[in-house]
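**Q** Pasting a predicted model and its sequence here:
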Amino acid sequence: MSDRSQQTPATQNEPSARRSDSSAQEPDHPFLERQIPHLAESIRKTSFWAAIVLPVCYLPLLAVGLGSRLESTAFLLLLGCNLLALYVGHSYRR
């Protein structure tokens, strides 16, 4: 117990400070920067806004119901696209 109380706040937060420094140097999606560096920011921006707008498309599907195979498949594809957009667009403007 006395060990923790004797540590200074700087030494307690040292590992997290290292993590923030290393994350500032490394991009969240290095694949985009390596493969298509001139489009990486545009892809993130589009994915960010798609992740915001896509849930609106759930409403008509849920209002009609997911009784048929086509409607269920459409819902699952829409959900998958939304998850992908969330993943790619989460680092937009960080």
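**A** Received, thanks. Note that this is a predicted model, so its numbers are computed, not measured.

**Q** so what's residue 3 scoring on pLDDT?
**A** Per-residue confidence (pLDDT) for residue 3: 56.

**Q** And residue 59, by the same measure?
**A** 92.

**Q** Could you do residue 28 as well?
**A** 54.

**Q** How about the one 3 residues further on?
**A** According to the per-residue confidence, residue 31 scores 80 in pLDDT.

**Q** in what helix or strand does it lie?
**A** Per DSSP states H and E: residue 31 is located in helix 30-35.

**Q** Which secondary structure elements does that helix sit against?
**A** Helices and strands touching helix 30-35, by 3 or more CB pairs under 8 Å, 6 or more residues apart in numbering; DSSP states H and E, are helix 40-53. Just so you know, the C-beta spots here come from the backbone N, C-alpha and C atoms, and that holds for glycine as well.

**Q** Buried residues in the helix holding residue 31, which are they?
**A** residue 32 (16 or more other CB atoms under 10 Å).

**Q** what's in contact with that helix?
**A** For helix 30-35, contacts defined as CB atoms under 8 Å, 6 or more residues apart in numbering pick out 27, 39, 40, 43, 44, 88.

**Q** And the pLDDT at the closest residue to the last one other than its chain neighbours?
**A** Residue nearest to residue 88 in three dimensions, not counting chain neighbours: residue 47, with 3.9 Å by CB to CB, 6 or more residues apart in numbering. Listed pLDDT for residue 47 reads 93.

**Q** For residue 47, give its distance to residue 92.
**A** Distance, residue 47 to residue 92, by CB to CB, to the nearest Å: 7 Å.

**Q** Those two - which one has more neighbours?
**A** residue 47 (21 against 16; other CB atoms under 10 Å).
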